[in-house]
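**Q** The sequence and its predicted three-dimensional model are supplied below.
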Protein chains: 2
Amino acid sequence: MKFDVMVDVRLRGGIADPAGATIERALPALGYDGVAGVTVGKTVRFAIEATDEAEATRRSEDLSASFLTNPVIEDATVMVTPADGPTGDHA
Amino acid sequence: MKFDVMVDVRLRGGIADPAGATIERALPALGYDGVAGVTVGKTVRFAIEATDEAEATRRSEDLSASFLTNPVIEDATVMVTPADGPTGDHA
(Lines give C-alpha, C1' and ligand atoms only; values in the text may rest on other atoms or scores of the structure.)
Protein backbone atom coordinates (compact mmCIF):
# COMPACT_ATOMS: atom_id res chain seq x y z
CA MET A 1 0.00 0.00 0.00
CA LYS A 2 1.20 3.47 -0.86
CA PHE A 3 1.22 6.45 1.46
CA ASP A 4 1.97 10.10 0.86
CA VAL A 5 4.26 11.59 3.48
CA MET A 6 5.02 15.20 4.26
CA VAL A 7 7.80 16.03 6.70
CA ASP A 8 7.58 19.61 7.95
CA VAL A 9 10.91 20.76 9.37
CA ARG A 10 11.26 23.90 11.48
CA LEU A 11 14.14 25.35 13.44
CA ARG A 12 13.72 24.86 17.17
CA GLY A 13 12.87 27.95 19.21
CA GLY A 14 15.97 29.92 20.13
CA ILE A 15 17.98 28.75 17.11
CA ALA A 16 19.10 31.67 14.95
CA ASP A 17 17.13 31.97 11.70
CA PRO A 18 19.12 34.34 9.47
CA ALA A 19 16.93 33.75 6.41
CA GLY A 20 13.78 34.63 8.37
CA ALA A 21 15.46 37.64 9.97
CA THR A 22 16.59 38.94 6.59
CA ILE A 23 13.09 38.67 5.11
CA GLU A 24 11.59 40.37 8.17
CA ARG A 25 14.07 43.25 7.99
CA ALA A 26 13.42 43.79 4.28
CA LEU A 27 9.62 43.82 4.35
CA PRO A 28 8.89 47.32 5.72
CA ALA A 29 10.98 48.89 2.93
CA LEU A 30 8.99 46.79 0.43
CA GLY A 31 5.67 48.11 1.72
CA TYR A 32 4.71 45.31 4.09
CA ASP A 33 4.33 46.56 7.64
CA GLY A 34 2.93 44.57 10.53
CA VAL A 35 4.76 41.36 9.72
CA ALA A 36 6.70 39.76 12.58
CA GLY A 37 8.23 36.48 13.65
CA VAL A 38 9.32 35.38 10.18
CA THR A 39 10.82 31.88 10.17
CA VAL A 40 11.90 29.75 7.24
CA GLY A 41 11.61 25.97 7.26
CA LYS A 42 11.69 23.15 4.78
CA THR A 43 9.41 20.35 3.72
CA VAL A 44 10.24 16.95 2.31
CA ARG A 45 7.45 15.07 0.55
CA PHE A 46 7.62 11.51 -0.69
CA ALA A 47 5.60 8.37 -1.32
CA ILE A 48 6.36 5.29 0.76
CA GLU A 49 5.36 1.67 0.29
CA ALA A 50 4.18 0.02 3.54
CA THR A 51 1.71 -2.62 4.71
CA ASP A 52 -0.33 -0.19 6.81
CA GLU A 53 -0.39 3.38 8.04
CA ALA A 54 1.34 2.55 11.34
CA GLU A 55 4.30 1.04 9.52
CA ALA A 56 4.42 3.95 7.07
CA THR A 57 4.45 6.40 9.98
CA ARG A 58 7.12 4.50 11.90
CA ARG A 59 9.45 4.21 8.90
CA SER A 60 8.86 7.83 7.86
CA GLU A 61 9.63 9.09 11.37
CA ASP A 62 12.81 6.99 11.50
CA LEU A 63 13.86 8.28 8.11
CA SER A 64 13.11 11.86 9.10
CA ALA A 65 15.06 11.68 12.36
CA SER A 66 17.99 9.83 10.76
CA PHE A 67 18.52 11.58 7.46
CA LEU A 68 16.16 14.46 6.79
CA THR A 69 16.58 16.61 9.88
CA ASN A 70 19.15 17.62 12.44
CA PRO A 71 17.37 16.94 15.74
CA VAL A 72 19.83 19.20 17.57
CA ILE A 73 18.46 22.32 15.91
CA GLU A 74 15.30 21.19 14.10
CA ASP A 75 11.85 19.92 14.95
CA ALA A 76 10.02 17.73 12.46
CA THR A 77 6.34 16.91 12.06
CA VAL A 78 5.57 13.83 9.96
CA MET A 79 2.16 13.62 8.26
CA VAL A 80 1.15 10.36 6.59
CA THR A 81 -1.93 9.97 4.38
CA PRO A 82 -3.05 7.06 2.20
CA ALA A 83 -2.05 7.85 -1.38
CA ASP A 84 -5.69 7.74 -2.51
CA GLY A 85 -6.82 9.88 0.41
CA PRO A 86 -8.21 13.41 0.33
CA THR A 87 -4.74 15.02 0.43
CA GLY A 88 -3.19 12.57 -2.00
CA ASP A 89 -2.03 15.28 -4.37
CA HIS A 90 1.60 14.20 -4.36
CA ALA A 91 3.05 15.03 -7.77
CA MET B 1 -5.90 41.57 15.00
CA LYS B 2 -3.06 39.11 14.63
CA PHE B 3 -2.96 36.15 12.27
CA ASP B 4 -0.49 33.32 11.91
CA VAL B 5 0.46 32.63 8.32
CA MET B 6 2.17 29.64 6.80
CA VAL B 7 3.30 29.77 3.19
CA ASP B 8 4.04 26.32 1.78
CA VAL B 9 6.24 26.56 -1.30
CA ARG B 10 6.75 23.64 -3.70
CA LEU B 11 8.46 23.34 -7.01
CA ARG B 12 5.98 23.11 -9.88
CA GLY B 13 5.61 19.74 -11.57
CA GLY B 14 8.28 19.19 -14.20
CA ILE B 15 10.84 21.50 -12.58
CA ALA B 16 14.05 19.64 -11.71
CA ASP B 17 14.43 18.98 -8.00
CA PRO B 18 18.08 18.02 -7.46
CA ALA B 19 17.82 18.00 -3.65
CA GLY B 20 14.89 15.58 -3.77
CA ALA B 21 16.58 13.43 -6.41
CA THR B 22 19.75 13.21 -4.30
CA ILE B 23 17.82 12.12 -1.20
CA GLU B 24 15.87 9.55 -3.22
CA ARG B 25 19.04 8.10 -4.74
CA ALA B 26 20.73 7.81 -1.33
CA LEU B 27 17.90 6.12 0.59
CA PRO B 28 18.17 2.51 -0.65
CA ALA B 29 21.85 2.38 0.41
CA LEU B 30 20.79 3.71 3.83
CA GLY B 31 18.25 0.92 4.32
CA TYR B 32 15.10 2.68 3.17
CA ASP B 33 13.51 0.93 0.22
CA GLY B 34 10.10 1.71 -1.24
CA VAL B 35 10.47 5.49 -1.10
CA ALA B 36 9.72 7.39 -4.32
CA GLY B 37 8.85 10.85 -5.58
CA VAL B 38 10.98 12.75 -3.08
CA THR B 39 10.57 16.51 -3.40
CA VAL B 40 11.97 19.26 -1.21
CA GLY B 41 10.12 22.49 -0.58
CA LYS B 42 10.24 25.38 1.85
CA THR B 43 7.90 27.02 4.29
CA VAL B 44 7.78 30.59 5.48
CA ARG B 45 5.85 31.30 8.67
CA PHE B 46 5.06 34.72 10.10
CA ALA B 47 2.54 36.72 12.08
CA ILE B 48 0.67 39.51 10.34
CA GLU B 49 -1.39 42.37 11.73
CA ALA B 50 -4.66 42.91 9.83
CA THR B 51 -8.23 44.03 10.47
CA ASP B 52 -9.76 40.71 9.44
CA GLU B 53 -8.91 37.33 7.98
CA ALA B 54 -9.72 38.39 4.41
CA GLU B 55 -7.25 41.27 4.59
CA ALA B 56 -4.62 39.05 6.22
CA THR B 57 -5.04 36.49 3.42
CA ARG B 58 -4.92 39.09 0.67
CA ARG B 59 -1.77 40.75 2.01
CA SER B 60 -0.08 37.41 2.71
CA GLU B 61 -0.81 36.15 -0.81
CA ASP B 62 0.55 39.39 -2.30
CA LEU B 63 3.65 39.15 -0.16
CA SER B 64 4.14 35.51 -1.07
CA ALA B 65 3.80 36.08 -4.81
CA SER B 66 5.98 39.21 -4.76
CA PHE B 67 8.84 38.31 -2.46
CA LEU B 68 8.72 34.81 -1.05
CA THR B 69 8.35 32.67 -4.14
CA ASN B 70 9.32 32.54 -7.77
CA PRO B 71 5.99 31.96 -9.54
CA VAL B 72 7.79 30.77 -12.67
CA ILE B 73 9.05 27.61 -10.97
CA GLU B 74 7.19 27.48 -7.64
CA ASP B 75 3.64 26.99 -6.39
CA ALA B 76 2.66 28.47 -3.05
CA THR B 77 -0.19 27.66 -0.67
CA VAL B 78 -1.00 30.34 1.90
CA MET B 79 -2.70 29.26 5.13
CA VAL B 80 -3.97 31.97 7.48
CA THR B 81 -5.25 31.27 11.01
CA PRO B 82 -6.20 33.66 13.80
CA ALA B 83 -3.25 33.87 16.21
CA ASP B 84 -5.38 32.49 19.06
CA GLY B 85 -6.77 29.69 16.90
CA PRO B 86 -6.18 25.98 17.24
CA THR B 87 -3.04 26.03 15.09
CA GLY B 88 -1.68 29.22 16.61
CA ASP B 89 1.59 27.60 17.68
CA HIS B 90 3.80 30.12 15.91
CA ALA B 91 6.96 30.48 18.00
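**A** Looks like it arrived, so ask away.

**Q** Quick check: residues of chain A near chain B?
**A** Applying CB under 8 Å from any CB of the partner chain, we find that chain A lies next to chain B at A:8, A:10, A:13, A:20, A:23-24, A:26-27, A:30, A:32-50, A:59, A:63, A:66-68, A:90-91. From N, CA and C alone the C-beta is placed, and that goes for glycine too.

**Q** how about 6 Å then?
**A** With CB under 6 Å from any CB of the partner chain as the criterion, chain A comes near chain B at residues A:13, A:32, A:34-49, A:63, A:90-91.

**Q** out of the residues you listed, which are inside strands?
**A** The strands, defined by DSSP state E, take in A:35-49 from those.

**Q** what's the most distant pair in those residues?
**A** Farthest pair in those (CB to CB) is A:36 and A:49. Separation: 42.3 Å.

**Q** Please indicate which of the residues of chain A next to chain B are buried?
**A** Restricting the residues of chain A next to chain B to buried positions leaves A:32, A:35, A:37-48, A:63, A:90, with burial counted as 16 or more other CB atoms under 10 Å in any protein chain shown.

**Q** for these, which one is nearest residue B:77?
**A** Proximity to residue B:77 was ranked across these by CB to CB; first place goes to residue A:43, at 10.7 Å.

**Q** Show me what the closest one is bridged to.
**A** For residue A:43, the beta-bridge assignment (DSSP bridges) gives partners residue A:8, residue B:41.

**Q** related to what we said a few turns ago, what's the farthest-apart pair in the buried ones among the residues of chain A next to chain B?
**A** Of all pairs drawn from those, the widest gap by CB to CB lies between A:32 and A:48 and measures 38.3 Å.

**Q** Residue B:7 versus the residue sitting furthest away from the middle of chain A, what's the distance?
**A** In chain A, counting by CA atoms, centre = their mean, residue A:29 sits farthest out from the average C-alpha position, at 29.1 Å. When distances are taken as CB to CB, to the nearest Å, residue A:29 and residue B:7 turn out to be 20 Å apart.

**Q** Next: residue A:64.
**A** In this structure, residue A:64 and residue B:7 are 21 Å apart, going by CB to CB.

**Q** What pLDDT does the model give residue A:31?
**A** According to the per-residue confidence, residue A:31 scores 89 in pLDDT.

**Q** and it, how many neighbours does it have?
**A** The local packing count at residue A:31 equals 11, with neighbours defined by other CB atoms under 10 Å in any protein chain shown.

**Q** just residue A:24 next, same as before
**A** Other residues within reach of residue A:24 by the criterion other CB under 10 Å amount to 17.

**Q** That one is in what secondary structure piece?
**A** Secondary structure assigned from DSSP states H and E places residue A:24 in helix A:18-26.
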